[in-house]
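Novice: need coordinates for the following:
(one chain, ligands or ions: 1)
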Amino acid sequence: MSLIVSNLTKKYGSKTVVDNISFEMNEPGVYALLGSNGAGKTTSIRMILGMLEKNGGEVTWNGQPLNFDTCNIGYLAEERGLYPKYSLLDQIRYFGNLRGVTGKELDKRIKYWAKRLKVEEYIYPHFEGVESGKIGSANNVNSGKKSLFASRRTATIKKVKPKTADQLSKGNQQKIQFLIAMLSNPDLIVLDEPFSGLDPVNTDILKDVVREQIANGKYIIMSSHQMEVVEEFCTDITILSRAKAVVSGNLNEIKKSYGRVNLYIKTEVDITDYINKAGVELVNEKDKEYTCKVTGDEQANALLRTLIDNNITVIRFDLSELSLHEIFVKEVGA
Ligand SMILES: Nc1ncnc2c1ncn2[C@@H]1O[C@H](COP(=O)(O)OP(=O)(O)OP(=O)(O)O)[C@@H](O)[C@H]1O
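Specialist: Here you go, the predicted model:
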């Protein structure tokens with residue numbers, strides 16, 4: 001399977017909001033669309049899915065124009081799109097039907113995803129134990145003695161109705177919309193800001209699902225502002241800045257192109273003088289933990305050699321590439 005996006009362009013009046021964006025995916029994985037607010041991510045996604053008219057460019061899936069007929073797509077929109085006052089289960093079923101999943105199979109998939117995403121309690125009626133007050137000094141009717149269990153609390157079982165969308169938090173609405181996106185078992189999963197508004201526990205749940213979908217051979221396009229999260233599983237990226245792609249390609253290759261310039265050193269003695277003499281930029285020092293910027297491998301190796309020659313025990317010496325966050329700030333900030 002392959003997805004090819006070529007020369008995607010969108011204008012509103014005289015303003016170009018997406019300017020000639022191209023990328024392709026030839027194997028399963030995550031393609032990340034990154035960029036500052038208003039850079040053009042959502043507009044690009046909508047054009048890719050054929051939901052918004054383009055001013056130029058084309059998008060193909062296995063050589064065919066990409067749309068909901070030519071590809072089994074799961075789409076999580078950035079904005080909330082549930083009907084606020086309707087039963088969640090009814091609308092989940094409705095959206096499932098629209099994607100061609102019906103009957104028992106649909107109910108089975110809803111159950112599976114509700115459990116996986118931990119949203120069962122909002123979708124299905126269920127029973128909850130409600131603790132009530134003390135039994136107090138109730139007498140044991142048969143013996144006339146006070147109950148041995150007089151100090152125990154009682155639990156009443158209460159039936160809880162499922163929720164409507166407007167009774168859910170933003171994060172839980174997001175999870176319901178994600179559930180809907182997954183009902184058709186899509187080949188191409190498009191997630192616009194999937195992690196925004198999710199707490200760390202739910203972020204981990206979603207991350208697990210994304211990893212599993214990659215392992216299942218799915219193609220995922222994802223926009224996000226959370227660089228650390230995206231970095232964990234994306235293979236390729238495009239960074240948009242003011243409608244244009246400022247960085248595009250394989251993340252590892254991109255990182256390599258910036259060189260290994262982040263150096264972290266941990267020692268037992270003060271090595272500030274050695275760092276300064278080596279011409280290395282000291283960014284931060286805390287309890288003999290040094291965060292530095294080097295020009296590359298050579299400068300880092302020279303510093304390490306000097307430390308060893310001077311019998312300094314180096315507990316940690318970690319030379320690494322720029323993080324995605326740093327690349328983003330460097331390119332978009334500029
Ligand atoms: N219907 C519209 N009419 C005019 N301009 C629009 C319209 N929709 C979007 N834009 C403009 O297009 C640009 C790109 O918007 P878009 O929503 O794609 O950005 P984004 O990268 O997704 O931003 P964010 O990260 O804030 O969600 C913005 O300048 C926005 O104001």
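
Novice: OK, contacts around the residue of the stretch 51-200 of the chain found nearest the ligand?
Specialist: At 5.9 Å from the ligand, residue 78 is the closest residue in the stretch 51-200 of the chain, using Cβ to the nearest ligand atom. In short, each C-beta sits where N, CA and C put it, glycine included. Counting by Cβ atoms under 8 Å, 6 or more residues apart in numbering, residue 78 touches 42, 192, 193, 196, 223.

Novice: spatially, which residue comes closest to it, not counting chain neighbours?
Specialist: Spatial nearest neighbour of residue 78, excluding adjacent residues (Cβ to Cβ, 6 or more residues apart in numbering): residue 192 at 4.0 Å.

Novice: which SS class is residue 69?
Specialist: In three-state terms, and counting by DSSP: H, G, I helix; E, B strand; the rest coil, residue 69 is coil.

Novice: how close does the closest residue to residue 187 other than its chain neighbours sit to residue 213?
Specialist: Among residues not flanking residue 187 along the chain, residue 72 sits closest, at 4.8 Å (Cβ to Cβ, 6+ apart). As judged by Cβ to Cβ, to the nearest Å, residue 72 and residue 213 stand 13 Å apart.

Novice: neighbour count: the two, which is higher?
Specialist: The residue with more neighbours, out of residue 72 and residue 213, is residue 213; 21 against 15, by other Cβ atoms under 10 Å.

Novice: element containing the more buried one, please.
Specialist: helix 200-215 (DSSP states H and E).

Novice: now do that helix: everything it contacts.
Specialist: 28-30, 116-118, 171, 175, 178, 182, 189, 194-195, 198, 220, 222, 229, 232-233.

Novice: what is the neighbour count of residue 306?
Specialist: By other Cβ under 10 Å, the residues close to residue 306 number 15.

Novice: am I right that it is in a strand?
Specialist: No. Counting by three-state DSSP, residue 306 is not found in a strand; it is helix.

Novice: picking up where we left off before, what's the next secondary structure element after the helix holding residue 213?
Specialist: strand 219-224.

Novice: so which elements touch that following strand?
Specialist: strand 29-35, helix 41-48, strand 188-192, helix 200-215 (3 or more Cβ pairs under 8 Å, 6 or more residues apart in numbering; DSSP states H and E).

Novice: and the last one with strand 29-35, angle?
Specialist: Relative orientation of helix 200-215 with respect to strand 29-35: 130 degrees, computed using axes from the mean of the first three to the mean of the last three Cα atoms, to 10 degrees.

Novice: now the second one
Specialist: An angle of 130 degrees separates the directions of helix 41-48 and strand 29-35 when computed by the same axes, to 10 degrees.

Novice: ditto for the shortest one
Specialist: Between strand 188-192 and strand 29-35, the angle formed by their directions is 30 degrees, by the same axes, to 10 degrees.

Novice: what strands flank strand 188-192, and is each parallel or antiparallel?
Specialist: strand 73-76 (parallel), strand 219-224 (parallel) (DSSP bridges).

Novice: same check on the first one?
Specialist: The strands beside strand 29-35 in its sheet (DSSP bridges) come out as strand 219-224 (parallel), strand 234-241 (parallel).

Novice: export these as CSV, with columns for mean neighbour count, mean pLDDT and distance to residue 9.
Specialist: Listed next are the strands paired with strand 29-35 as CSV, based on neighbours: other Cβ atoms under 10 Å; pLDDT from 0 to 100; distance: least, Cβ to Cβ, whole Å:
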stretch, mean neighbour count, mean pLDDT, distance to residue 9
strand 219-224, 24, 96, 18
strand 234-241, 22, 94, 13
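
Novice: closest one to residue 161 among the ones you listed?
Specialist: Ranking the strands paired with strand 29-35 by proximity to residue 161 (Cβ to Cβ) places strand 219-224 first, at 34.4 Å.

Novice: who touches the helix or strand just after that closest one?
Specialist: For strand 219-224, the succeeding helix or strand toward the C-terminus, using DSSP H and E, is helix 227-233. Here helix 227-233 makes contact (Cβ under 8 Å, 6+ apart) with 29-30, 32, 34, 195, 203, 207, 210-211, 214, 222, 224, 237, 251, 323-325, 328.

Novice: which of the residues you listed are buried?
Specialist: When those are checked for burial by 16 or more other Cβ atoms under 10 Å, the buried set is 29-30, 32, 34, 195, 203, 207, 210, 214, 222, 224, 237, 251, 324, 328.

Novice: got any ranges where the stretch 101-250 of the chain has weak pLDDT?
Specialist: For the stretch 101-250 of the chain, the stretches with pLDDT under 70 are 130-155.

Novice: name the residues of it found near the ligand, please.
Specialist: Contacts of the stretch 101-250 of the chain with the ligand, taken as Cβ under 6 Å from any ligand atom, are absent.

Novice: residue contacts, residue 237?
Specialist: For residue 237, the contacting residues are 31, 32, 33, 34, 230, 247, 248, 249, 251, 254, 324, by Cβ under 8 Å, 6+ apart.

Novice: how about the strands in the stretch 51-200 of the chain?
Specialist: 56-61, 64-65, 73-76, 126-134, 153-160, 188-192 (DSSP state E, counting those that start in this stretch).

Novice: what sits against the residue nearest the centre of the chain?
Specialist: Centroid check for the chain by Cα atoms, centre = their mean gives residue 195 as the closest residue, at 4.2 Å. Residues near residue 195 by Cβ under 8 Å, 6+ apart: 203, 206, 224, 226, 229.
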